[in-house]
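Participant: Everything below, folded, please.
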Amino acid sequence: LALMVADVGAAKHITSPLVAAQIPAREVWHASVGDSVFTSLNGMTWAGNSIAFPVNVPGDEWERWYSIPAGGGTPVPLTTTDGLIEDAGSVAWSRDGGRTMYWTTNATDIERRHIWRVPSSGGTPERLSTGDGVETHPRPLASGSHVAVLYFGARTPASVALVPAGGGAPRIVYPTLGRDFPTASHVTPEIVQTRASDGMAVSNQLFMPRDMKPGEKRPAIVFVHGGPSRQMLPAYHYMQFYHWSYAVNQWLADQGYVVLSVNYRRGIGYGKSFRNAPGARDKGNSEYLDVVAGAKYLQQRADVDPARVGIWGLSYGGLLASQALARNSDIFVAGVDMAGVHHYDYSLDTTASAFKSAAIGAIDQWKSPVFLVHGDDDRNVDFAQTVGLVQLLRARNVYHELMVVPDDLHESMLHANWIDTFDRMGVFLKRFVWNREPVPS
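Facilitator: Sure, this is the predicted structure:
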């Protein structure tokens, strides 16, 4: 990685990128060979008269922001606290020439996100926002009195809030929830830890129904996020689909299910070793071990019926849902697979790791019913992934319901389609998880 600065103001007539490329530039810093890996070109930004940029140094579990004077020098670490940094939208600079950097991180509260700040010249970072919610995307006001943030709570969907410049609790300023918003139907998820058969420990959110009675055993649902570079939180999420899926998990809990949202390995938020866990994806699908561990945790709870555990997920979550039904129909009695990947590279070499790691590698073990949902104009996961799976399920007489959304994408563009999807999903889970109806032949 090298940082170069060019004085484009000295060029009077920049008529094309080729002309711009000919402007003399000077190097202000160059990393040693093998010393660092640049995180994102889009992340680099000006901070007053300095350049700020994210870097992941080998041996460090976390990516960090650094700054360096435009005239050159030694990079100064800014985000010295251990914690996640995200995209450029999660970073902002004060309106006084960028003397202060604000950013979103899970430092000191690994299951959530809060706003922190640090002088852009370096110094001791301090947490700005307090409380047990989630705050992201800081934007300091011109007045300097507050920092505007996006706020998410366990019972509060996306809102705009103000955090005092001196630090403190967010104050929601928009919107005002309507009287019909089901705040009282929400529960506060509990963070629970599970450990996979290979020793990997992961965090999960547990949603318990409000109407549980002593001695009662309820059906349970496992939720697996997509990505896999995601982290589910014990609050509404700052990403669109996961904002919805958190609401769906709340809805399922309100229907009476015990719900476990699994933060399986290869996700973000827990450091580089967790993010780059070996043997994953088409190299062995080790992340599936965390899904099984979550299901077994539910089965061992005194308030869960071990014979009524289902699963749902979209995209990479659909991949893991299909894995669950193919490999462990003895654990998962039914599932919902939305736009999932079922075959990594389309190779029919049954000895290949990619084949063995995919759902089709265990297709002959698949017995549980599945509800498949896919938009036929998906630009992320080839629609043929679902078409091919349906052919395999039909050949084995595995009960499946298929919802194809015409002209729609990976995540539906229409609210009406989501309502239809989740209504159908609720009926399907009621039949095959809650009621344990006999599977039609």
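
Participant: Now the element after the lowest-mean-pLDDT helix or strand in the chain, going C-ward?
Facilitator: Using mean pLDDT, DSSP states H and E, the weakest-scoring helix or strand in the chain turns out to be strand 37-38, at a mean of 52. Using DSSP states H and E, the next helix or strand after strand 37-38 towards the C-terminus is strand 45-47.

Participant: residues of that next one that come out buried?
Facilitator: Of the residues in strand 45-47, those scored as buried under the neighbour-count criterion (16 or more other CB atoms under 10 Å) are 45, 47. In short, each C-beta sits where N, CA and C put it, glycine included.

Participant: What pairs with it, parallel or antiparallel?
Facilitator: According to DSSP bridges, strand 45-47 has the following sheet partners: strand 50-56 (antiparallel).

Participant: average pLDDT across the partner strand?
Facilitator: The average of the pLDDT scores along strand 50-56 is 86.

Participant: please begin residue numbering at 16 from this point
Facilitator: Fine by me, first position is 16 from now on; the one you just mentioned is strand 65-71.

Participant: In terms of secondary structure, what does the helix or strand just after it contact?
Facilitator: Note on strand 65-71: by DSSP H and E, the next helix or strand toward the C-terminus is strand 79-84. Other elements packing on strand 79-84 under the criterion 3 or more CB pairs under 8 Å, 6 or more residues apart in numbering; DSSP states H and E are strand 40-45, strand 65-71, strand 91-92, strand 115-120.

Participant: tilt between strand 79-84 and strand 115-120?
Facilitator: 160 degrees (axes from the mean of the first three to the mean of the last three CA atoms, to 10 degrees).

Participant: Can you give me the domain assignment for this protein?
Facilitator: Taking automatic domain parsing as the domain assignment, the ranges for the chain are 17-189, 198-449.

Participant: most neighbours per residue, which of these?
Facilitator: Burial of the domains of the chain is given as mean neighbour count (mean count of other CB atoms under 10 Å); domain 198-449 ranks first at a mean of 19.

Participant: gap between that one and the chain center?
Facilitator: The chain centre lies 13 Å from the centre of domain 198-449; the measure is CA atoms, centre = their mean, to the nearest Å.

Participant: Same question for stretch 71-82.
Facilitator: For stretch 71-82, the distance between its averaged C-alpha position and the chain's averaged C-alpha position is 21 Å (CA atoms, centre = their mean).

Participant: Can I get it in PDB? Just the C-alpha atoms.
Facilitator: These are the backbone C-alpha positions of stretch 71-82, laid out as PDB (Å, rounded to 0.1, in the frame of the first residue of the first chain):
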ATOM      1  CA  ASN A  71      -5.600  -4.400   8.500                       C
ATOM      2  CA  VAL A  72      -2.100  -5.200   9.800                       C
ATOM      3  CA  PRO A  73      -1.100  -8.800   9.800                       C
ATOM      4  CA  GLY A  74      -1.300 -10.300  13.300                       C
ATOM      5  CA  ASP A  75      -4.000  -7.800  14.400                       C
ATOM      6  CA  GLU A  76      -7.500  -9.200  14.900                       C
ATOM      7  CA  TRP A  77      -9.100  -5.900  13.900                       C
ATOM      8  CA  GLU A  78      -9.000  -3.400  11.000                       C
ATOM      9  CA  ARG A  79      -8.200   0.100  12.200                       C
ATOM     10  CA  TRP A  80      -8.300   3.700  11.000                       C
ATOM     11  CA  TYR A  81      -5.000   5.600  10.700                       C
ATOM     12  CA  SER A  82      -4.300   9.200   9.700                       C
END
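
Participant: and the longest strand that the chain contains, what does it pack onto?
Facilitator: Of all the segments assigned as strand in the chain under DSSP state E, the longest by residue count is strand 319-329. In terms of contact count using 3+ CB pairs under 8 Å, 6+ apart, strand 319-329 is assigned the packing partners strand 233-239, helix 303-315, helix 331-342, strand 349-353, helix 430-444.

Participant: Check which helices and strands the first one sits against.
Facilitator: Applying 3+ CB pairs under 8 Å, 6+ apart, we find strand 233-239 packed against helix 255-269, strand 273-277, helix 303-315, strand 319-329, helix 331-342.

Participant: Gly325 versus Asn450, what's the distance?
Facilitator: As judged by CB to CB, to the nearest Å, Asn450 and Gly325 stand 12 Å apart.

Participant: do Asn291 as well
Facilitator: Separation of Asn291 from Gly325 (CB to CB): 30 Å.

Participant: now do Thr96
Facilitator: Note on Thr96: its distance to Gly325, by CB to CB, is 39 Å.

Participant: do the same with Thr95
Facilitator: Note on Thr95: its distance to Gly325, by CB to CB, is 44 Å.

Participant: cool, and Glu452?
Facilitator: Here the distance between Glu452 and Gly325 works out to 13 Å (CB to CB).

Participant: Under the pLDDT cut-off, which ranges of the stretch 16-165 of the chain? List them.
Facilitator: 16, 22-38, 44-57 (pLDDT under 70).

Participant: one more time with 80, if that's ok
Facilitator: Residues of the stretch 16-165 of the chain that meet the criterion pLDDT under 80 lie in 16-59, 62-63, 103.

Participant: cool, the stretch 316-456 of the chain as well?
Facilitator: Across the stretch 316-456 of the chain, the stretches falling below the confidence threshold (pLDDT under 80) are 360-362.

Participant: cool, and the stretch 166-315 of the chain?
Facilitator: The stretch 166-315 of the chain contains no residues with pLDDT under 80.

Participant: same thing but at 90, please
Facilitator: By pLDDT under 90, the weakly predicted segments of the stretch 166-315 of the chain are 296-297, 299.

Participant: I figured Ala336 hits Ser330, correct?
Facilitator: No: applying CB atoms under 8 Å as the test, Ala336 and Ser330 come out as separate, 10.2 Å apart.

Participant: I'd like the domains of the chain written out as JSON lines, with distance to Ser456 added.
Facilitator: Conversion of the domains of the chain to JSON lines gives the following (distance: least, CB to CB, whole Å):
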{"stretch": "domain 17-189", "distance to Ser456": "43"}
{"stretch": "domain 198-449", "distance to Ser456": "7"}
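
Participant: who's in contact with Gln220?
Facilitator: Gln220 makes contact with 204-207, 247-249, 264, 275-276, 278 under the criterion CB atoms under 8 Å, 6 or more residues apart in numbering.

Participant: Kindly indicate which of those lies nearest Leu156.
Facilitator: Using CB to CB, the shortest approach to Leu156 within the contacts of Gln220 belongs to Leu248, at 25.8 Å.

Participant: and that closest one, how far is that from Tyr117?
Facilitator: From Leu248 over to Tyr117 (counting by CB to CB), the distance is 20 Å.
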